[in-house]
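Chemist: Got a predicted structure plus its sequence, pasted below:
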Amino acid sequence: SQTIHQWPATLVQPVGSPLSLECTVEGTSNPNLYWYRQAAGRGLQLLFYSVGIGQISSEVPQNLSASRPQDRQFILSSKKLLLSDSGFYLCAWSVPITKNIQYFGAGTRLSVL
Amino acid sequence: AQKITQTQPGMFVQEKEAVTLDCTYDTSDPSYGLFWYKQPSSGEMIFLIYQGSYDQQNATEGRYSLNFQKARKSANLVISASQLGDSAMYFCAMRSSSSSARQLTFGSGTQLTVLP
């Protein structure tokens, strides 16, 4: 069966520090991968998605970047965090056929202080 | 442009009763998919149910059913026999065939509280 791992679960970082959040998927090949951000009490906002290795599309211009160095690995990064980067970050995967249901990881709660 | 509207910020239901969470959507695409997710306080988004725009019958998954009314562009989630563990945030989402990102557009969510 397929599983998605996302870490760390919680992160507290000072303003101006770098960021690296990692997400890996097991049990499937060539999945679509996604990074979402959720502000407190709000819905999800798509940040990046990838349909293959090295293929990244950005939905919202911002202080963040994403990379997909391996088929089932998706990384969210920042060189210098801003206060506004605080939030709940969720990684998701889907099989790009039929229903294309997205399945989410447990999320990372990021606080930038 | 696609849009999902959930007009109920919060809902309360007595344990063992049924509850309906409202969702309306807006799209000009003839082919689309509708999804419901549950987000407990832990934060993980849990997929509940899917309805395709061409599906003739309303989707059902255990205690969850989707009341799909295409002409009214509504896709309400019905939870039967509510349990305390159903207390969570519920999100309606849509993906249309024109979405190059295969991305989901989410509503703002409904916080459901099940009372003992």
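Modeler: That came through, no problem.
Chemist: Can you get me a residue count around the residue nearest to residue A:18 when sequence neighbours are not counted?
Modeler: Nearest residue to residue A:18, sequence neighbours excluded (CB to CB, 6 or more residues apart in numbering or on different chains): residue A:79, at 5.7 Å. C-beta here means a position set from N, CA and C on the backbone, and glycine is covered the same way. By other CB atoms under 10 Å in any protein chain shown, 11 other residues sit near residue A:79.
Chemist: Quick check: residue A:79 vs residue A:55, distance?
Modeler: 21 Å (CB to CB, to the nearest Å).
Chemist: what's the answer for residue A:91, then?
Modeler: On the measure of CB to CB, residue A:91 and residue A:55 end up 16 Å apart.
Chemist: which of those two has more neighbours?
Modeler: residue A:91 (28 against 10).
Chemist: is it true that the more buried one touches residue A:23?
Modeler: Yes. Residue A:91 lies in contact with residue A:23 (CB atoms under 8 Å); the separation is 3.4 Å.
Chemist: what's the overlap in contacts for the two?
Modeler: Among the neighbours of residue A:91, those also in contact with residue A:23 (CB atoms under 8 Å, 6 or more residues apart in numbering or on different chains) are A:4, A:6, A:33, A:35, A:74, A:76, A:105.
Chemist: Now do the contacts for residue 64.
Modeler: All of this is about chain A. A:19, A:47-48, A:76-78, A:85.
Chemist: meant chain B actually
Modeler: B:36, B:48-49, B:77-79.
Chemist: Among those residues, which pair sits farthest apart?
Modeler: B:48 and B:78 (11.1 Å; CB to CB).
Chemist: The two - which one has more neighbours?
Modeler: For residue B:48 and residue B:78, the more surrounded residue by other CB under 10 Å is residue B:48, and the numbers stand at 19 against 16.
Chemist: The closest residue to the more buried one other than its chain neighbours pairs with what?
Modeler: Spatial nearest neighbour of residue B:48, chain neighbours left out: residue B:36 (4.5 Å); criterion: CB to CB, 6+ apart. In this entry, residue B:36 is beta-bridged to residue B:49, residue B:92, by DSSP bridges.
Chemist: now check the worst-scoring helix or strand of chain B on mean pLDDT, is it near chain A?
Modeler: Using mean pLDDT, DSSP states H and E, the weakest-scoring helix or strand in chain B turns out to be strand B:105-106, at a mean of 91. Yes. Using CB under 8 Å from any CB of the partner chain, strand B:105-106 reaches chain A at residue B:106.
Chemist: Check which helices and strands that strand sits against.
Modeler: Using 3 or more CB pairs under 8 Å, 6 or more residues apart in numbering or on different chains; DSSP states H and E, the elements in contact with strand B:105-106 are strand B:3-5, strand B:88-96.
Chemist: Let's see that with 6 Å instead.
Modeler: strand B:88-96 (3 or more CB pairs under 6 Å, 6 or more residues apart in numbering or on different chains; DSSP states H and E).
Chemist: now the shared contacts of residue A:91 and residue A:23 as a markdown table including secondary structure?
Modeler: Converted to a markdown table, those look like this (DSSP: H, G, I helix; E, B strand; the rest coil):
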| residue | secondary structure |
| --- | --- |
| A:4 | strand |
| A:6 | strand |
| A:33 | strand |
| A:35 | strand |
| A:74 | strand |
| A:76 | strand |
| A:105 | coil |
